[in-house]
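*Asks:* Got a predicted structure here, sequence first:
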Amino acid sequence: MSSLTEIDDLTALSDAELDLLLSRLESEERTVSKRRSSRHDQMDFVQAGGFAAAGEADEALARLRAEEHDLSSRRHMLHLQIDKIRAERSRRRVQP
C-alpha cells in the first residue's frame, strides 16, 4: 500500500496501518515541498538574470514553472490524502 488511491475504504485499515500510511504520506509531502521550494529558488535565480543568454533563461524558466506546477499538484493531492486519514483517525477517537 503506497498511496491512498489504492484504498477505497480507510475504515478497512487497522490503526497501525493507518498510522503507517499517514507517516509515509507526510514524509512524501515533506520531500515534495522541499523540491517545490528548490524550484522556486531556481526560478528566482533565473528571473534575476542568472542566465547569460535570454533564450536559455526563457527555456529554463518555462521548464522550472512546469516542474513547479507538477510538484504543486502532487503536494495538493498529498494534503487531501493526509487530511482524509487524519479525519479517519479523529473519527475513531470520538466514536466509542
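*Replies:* The structure has been received and is ready for your questions. Residues are numbered from 1 along each chain as shown.
*Asks:* count of neighbours near residue 94?
*Replies:* Using other C-beta atoms under 10 Å, the number of residues around residue 94 comes to 7. Glycine gets a C-beta too; all of them are placed from N, C-alpha and C.
*Asks:* measure it to residue 87 for me?
*Replies:* Distance from residue 94 to residue 87, counting by C-beta to C-beta, to the nearest Å: 11 Å.
*Asks:* So, low pLDDT: which residues of the chain?
*Replies:* Across the chain, the stretches falling below the confidence threshold (pLDDT under 70) are 1-7, 52, 96.
*Asks:* Go ahead and flag the most central residue of it.
*Replies:* Compute the mean C-alpha point of the chain, and by C-alpha atoms, centre = their mean the closest residue is residue 75, 2.3 Å away.
*Asks:* Give me the three-state assignment for residue 29.
*Replies:* Three-state assignment for residue 29 (DSSP: H, G, I helix; E, B strand; the rest coil): helix.
*Asks:* Let me see the ranges of the helices in the protein.
*Replies:* When secondary structure is read from DSSP state H, the chain shows helices at 15-47, 54-94.
*Asks:* so how far is the last one from its chain's centroid?
*Replies:* The gap between where helix 54-94 is centred and where its chain is centred comes out at 4 Å by C-alpha atoms, centre = their mean, to the nearest Å.
*Asks:* again with the shortest one
*Replies:* The gap between the average C-alpha position of helix 15-47 and the chain average comes to 5 Å, counting by C-alpha atoms, centre = their mean.
*Asks:* tell me what it is packed against?
*Replies:* Helix 15-47 sits against helix 54-94, with contacts defined as 3 or more C-beta pairs under 8 Å, 6 or more residues apart in numbering; DSSP states H and E.
*Asks:* tell me what the helix it packs on is packed against?
*Replies:* If contacts are counted by 3+ C-beta pairs under 8 Å, 6+ apart, helix 54-94 sits against helix 15-47.
*Asks:* So which bits of the helix it packs on are buried?
*Replies:* Using 16 or more other C-beta atoms under 10 Å as the test for burial, helix 15-47 gives 18, 21-22, 25, 28-29, 32-33, 36, 39, 42-43, 46.
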